[in-house]
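Engineer: Here is my input; please provide its structure:
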Amino acid sequence: MIRNPDILKTLGAQKKHQYIVGFVLESEDELENSKKKLKEKKLDFIILNSLKDAGAGFDKDTNKIILINDKGETLPHRIKK
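Structural biologist: Below you'll find the model as predicted:
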């Protein structure tokens, strides 16, 4: 197996005037792991899906996300189909 390059991290390192947004699906230490990835990849925002939240996940009528900005501030959202 050959390890693929981290495309998001590469884009974050090369950005000039654009915003870079990442998506993460976490099941443990959700906020901490998401904030770590946000910083490591030099993202402007990261969108966290947690598998632990009731009503969260894919292929459901609702999905919950947490939007995290580059200052580590969070803004919860509920997405309805």
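
Engineer: What segments of the protein are strands?
Structural biologist: For the chain, applying DSSP state E gives strands covering 21-26, 45-50, 62-69, 74-80.

Engineer: Direction included, what does the third one pair up with?
Structural biologist: Using DSSP bridges, the strands paired with strand 62-69 are strand 45-50 (antiparallel), strand 74-80 (antiparallel).

Engineer: related to what we said a few turns ago, can you redo the strands of the chain as JSON lines with mean pLDDT?
Structural biologist: As requested, the strands of the chain are exported to JSON lines (pLDDT from 0 to 100):
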{"stretch": "strand 21-26", "mean pLDDT": "92"}
{"stretch": "strand 45-50", "mean pLDDT": "89"}
{"stretch": "strand 62-69", "mean pLDDT": "83"}
{"stretch": "strand 74-80", "mean pLDDT": "67"}
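
Engineer: how far away is residue 30 from residue 17?
Structural biologist: Distance, residue 30 to residue 17, using Cβ to Cβ, to the nearest Å: 30 Å. C-betas here are computed from N, CA, C, even on glycine.

Engineer: The two - which one has more neighbours?
Structural biologist: Legend: neighbour count by other Cβ atoms under 10 Å for residue 30 and residue 17, higher for residue 30 (18 against 4).

Engineer: which residues does that one contact?
Structural biologist: Going by Cβ atoms under 8 Å, 6 or more residues apart in numbering, residue 30 touches 48, 50, 52, 66.

Engineer: Restrict stretch 28-48 to CA atoms and write it as CSV.
Structural biologist: C-alpha atoms of stretch 28-48 as CSV (Å, rounded to 0.1, in the frame of the first residue of the first chain):
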residue,chain,number,x,y,z
GLU,A,28,-14.2,10.0,20.3
ASP,A,29,-13.0,13.4,21.7
GLU,A,30,-14.9,15.0,18.9
LEU,A,31,-14.2,18.7,19.6
GLU,A,32,-10.6,18.2,20.6
ASN,A,33,-9.8,16.0,17.5
SER,A,34,-11.6,18.4,15.2
LYS,A,35,-9.8,21.5,16.5
LYS,A,36,-6.4,19.6,16.2
LYS,A,37,-7.1,18.8,12.5
LEU,A,38,-8.3,22.4,11.9
LYS,A,39,-5.0,23.7,13.2
GLU,A,40,-2.7,21.1,11.6
LYS,A,41,-4.2,21.5,8.2
LYS,A,42,-4.4,25.3,8.4
LEU,A,43,-8.1,25.4,7.7
ASP,A,44,-10.5,28.3,8.2
PHE,A,45,-13.4,26.2,9.2
ILE,A,46,-14.0,22.5,9.9
ILE,A,47,-17.4,20.9,10.1
LEU,A,48,-17.8,18.2,12.7
